[in-house]
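# give the three-dimensional model of this entry:
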Amino acid sequence: MGASAALFAGMSVTGVAVPGPGRPESAIPPCQAYYERSNSTIAVVTRTAPDLTPAEFNVMKVLWHLRRGTVAEVRAALGQKDGNDLAYTTVMTLLGRLAQKGAVVVDKSREPFVYKAAYRRESVLRDRLRAFLRDVFDGEADALVLRLVEDESISLEELREIERRLEAPDDGVDPDAPKRGPS
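The predicted structure is shown next:
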């Protein structure tokens, strides 16, 4: 029995019977047993990032930049970023909260523990921007853009760059993604 089947042993998941106590694999029709072995994904779960405090979000930004880090590495990067020298225990508490929320994964196989963001930066930013747009501007993107222009939060040069990006064909390449050399 595979690892995913062991997790759901004896249960019926979306109408698929899984071998378990009192239900040997031989009792399952051959085509169904083949399906279970060939399909390692039993259920598809979409997930959104948990709500984050401003301090937690700053830690996430550091982890996205570092890709992974220990408490000491995250603390050092936070200090370089904003000049605020947080206590080691404060950073450890923030990382612990993020782990409880499922926003980071912790590699406890070595010490010091290594933390890594569980969500991609782009998906978290997208979700936060959508929530901001919905909550503050009632979902009206044009009102947000007009407000930025009226308040001179966007320079004329930045506005032209936005127009250029909007007019450029979408080739699926993120222009803000880090450039990689030849492989």
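
# scan the protein for its longest helix.
Assignment by DSSP state H gives helix 121-137 as the longest helix of the chain.

# only alpha carbons, please: show that helix as PDB.
C-alpha atoms of helix 121-137 as PDB (Å, rounded to 0.1, in the frame of the first residue of the first chain):
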ATOM      1  CA  ARG A 121       5.900  35.500  -3.400                       C
ATOM      2  CA  GLU A 122       3.800  36.100  -6.500                       C
ATOM      3  CA  SER A 123       0.700  34.300  -5.200                       C
ATOM      4  CA  VAL A 124       0.800  36.000  -1.800                       C
ATOM      5  CA  LEU A 125       1.200  39.400  -3.400                       C
ATOM      6  CA  ARG A 126      -1.600  38.700  -5.800                       C
ATOM      7  CA  ASP A 127      -3.900  37.600  -2.900                       C
ATOM      8  CA  ARG A 128      -3.000  40.700  -0.800                       C
ATOM      9  CA  LEU A 129      -3.500  43.100  -3.700                       C
ATOM     10  CA  ARG A 130      -6.900  41.600  -4.600                       C
ATOM     11  CA  ALA A 131      -7.900  41.900  -0.900                       C
ATOM     12  CA  PHE A 132      -6.700  45.500  -0.700                       C
ATOM     13  CA  LEU A 133      -8.500  46.400  -4.000                       C
ATOM     14  CA  ARG A 134     -11.700  44.700  -2.800                       C
ATOM     15  CA  ASP A 135     -11.600  46.200   0.800                       C
ATOM     16  CA  VAL A 136     -10.400  49.700   0.000                       C
ATOM     17  CA  PHE A 137     -11.600  50.400  -3.500                       C
END
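
# helices or strands up against that helix?
Under the contact criterion of 3 or more CB pairs under 8 Å, 6 or more residues apart in numbering; DSSP states H and E, helix 121-137 touches helix 54-66, helix 141-150. The C-beta positions use only the backbone N, C-alpha and C, and glycine is treated the same way.

# for the shortest one, what is the average pLDDT?
Summarised as a single mean, pLDDT over helix 141-150 is 89.

# ditto for stretch 78-97
When pLDDT is averaged over stretch 78-97, the result is 94.

# end to end, how far does that stretch reach?
Using CA to CA, to the nearest Å, the end-to-end distance of stretch 78-97 comes to 17 Å.

# what are the contacting residues of the longest helix of the chain?
Contact with helix 121-137 is made by 48, 49, 60, 61, 64, 139, 140, 141, 143, 144, 147, 174, as judged by CB atoms under 8 Å, 6 or more residues apart in numbering.

# make a markdown table out of the helices and strands packed on helix 121-137 and add mean neighbour count and distance to residue 158.
Formatted as a markdown table, these follow (neighbours: other CB atoms under 10 Å; distance: least, CB to CB, whole Å):
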| stretch | mean neighbour count | distance to residue 158 |
| --- | --- | --- |
| helix 54-66 | 18 | 21 |
| helix 141-150 | 12 | 9 |
